[in-house]
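Asker: model the structure of this input:
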Amino acid sequence: MVKYYNSIPDFCFDWIKEQKLLFVATAPLNGKHVNLSPKGHSEETFKVVDANTFWYLDLTGSGTETISHINEPGNGRITVMFCAFDGPPRILRLFGNGTVYLRDTPEFNERVPPGSPRRLPGARAIIEVDIFKVATSCGYAVPKYKYLEARHILENGMSRREKIEKGQGMRDYWKMTNTQSLDGLPSLPLDFVNSSEPLSEPFSYDVPGYGPDGKPIKPSTKTVLGFF
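Answerer: Alright, predicted model coming up:
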């Protein structure tokens, strides 16, 4: 049975930390598209600040619906959902209003300082959310799945882009794909994607089992990738 709270209940804090997958939903005030995105690597990218605040690292993808909807004047609505795929059934929804902190801004750097292992390759912003309602429900009809491993294709591909200064680098990709939503709302600001300022330096780390092309490699082979 569904239960509503004004903040994250105590029994959910540890459970959230155990989850490998979350879903983010946003929508424009006017438009055809409601966006729903799955997010992995939640151990590194999702941070509960307190019972009414959380943030997550927004990684580069082929679209920027969430940033567009949150930044739309009068909007800002966002829902994040966690769902149990093993153990006791549970669905947790966090309803809130979001704020976007672009990469390398003081607010971004405060939350993921340079050198932090949370600074995954390809990160373009932090989405911070003020929660106004929390819902838990049964999830009795959700099937069980066994977690195998994280995919590292995104980190590998974006790590390469981090190292390219012109032509196929991060800002070039953002300019090509991340400046407006499907409904034509502005997304990443043009002064941000066109900036000549270098992005923060990579932090080296090992991703076991994958090469820089995103393909599996022999377990004995190490590949150094770039955090920014």
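
Asker: buried stuff in the longest strand along the chain?
Answerer: Ranked by number of residues, the top strand in the chain under DSSP state E is strand 123-137. When burial is assessed from 16 or more other C-beta atoms under 10 Å, strand 123-137 yields the following buried residues: 123, 124, 125, 126, 127, 128, 129, 131, 134, 136. Quick note: C-beta positions are derived from backbone N, CA and C, even for glycine.

Asker: after it, which helix or strand is next? Please name it.
Answerer: Downstream of strand 123-137, the next assigned helix or strand under DSSP states H and E is helix 153-162.

Asker: chain center to that next one: distance?
Answerer: 15 Å (C-alpha atoms, centre = their mean, to the nearest Å).

Asker: helix or strand next in line after that helix, which one?
Answerer: Scanning forward in sequence from helix 153-162 by DSSP H and E, the next helix or strand is helix 170-177.

Asker: give me the helices and strands touching that following helix, please.
Answerer: In terms of contacts (3 or more C-beta pairs under 8 Å, 6 or more residues apart in numbering; DSSP states H and E), helix 170-177 is packed against helix 153-162, helix 190-193.

Asker: phi, psi of residue 91?
Answerer: Here is the backbone geometry of residue 91 (degrees, to the nearest 10): phi -120, psi 130.

Asker: one more: the one 10 residues further on?
Answerer: Comment: the main-chain dihedrals of residue 101 come out as phi -120, psi 110, following degrees, to the nearest 10.

Asker: got it, and residue 152?
Answerer: Residue 152 adopts backbone torsions of phi -120, psi 20, taken as degrees, to the nearest 10.

Asker: any idea how far it lies from residue 42?
Answerer: Going from residue 152 to residue 42 by C-beta to C-beta, to the nearest Å gives 15 Å.

Asker: turn the helices and strands packed on helix 170-177 into TSV, columns for distance to residue 183, mean neighbour count and mean pLDDT.
Answerer: Shown next, in TSV, are these (distance: least, C-beta to C-beta, whole Å; neighbours: other C-beta atoms under 10 Å; pLDDT from 0 to 100):
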stretch	distance to residue 183	mean neighbour count	mean pLDDT
helix 153-162	25	20	86
helix 190-193	18	14	96
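
Asker: distance to residue 177 for the ones you listed - can I get that in JSON lines?
Answerer: Putting those into JSON lines (distance: least, C-beta to C-beta, whole Å) gives the following:
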{"stretch": "helix 153-162", "distance to residue 177": "12"}
{"stretch": "helix 190-193", "distance to residue 177": "10"}
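
Asker: rewinding a little: which strands border the longest strand of the chain, and is each parallel or antiparallel?
Answerer: Strand 123-137 pairs in its sheet with strand 3-5 (antiparallel), strand 53-59 (antiparallel), strand 91-102 (antiparallel), by DSSP bridges.

Asker: which of those strands sits most buried?
Answerer: The highest mean neighbour count among the strands paired with strand 123-137, using mean count of other C-beta atoms under 10 Å, belongs to strand 53-59: a mean of 21.

Asker: which other residues reach that strand?
Answerer: 22, 24, 39, 41-42, 44-49, 66-67, 80, 94, 100, 111-112, 118-120, 122-131, 154, 158 (C-beta atoms under 8 Å, 6 or more residues apart in numbering).
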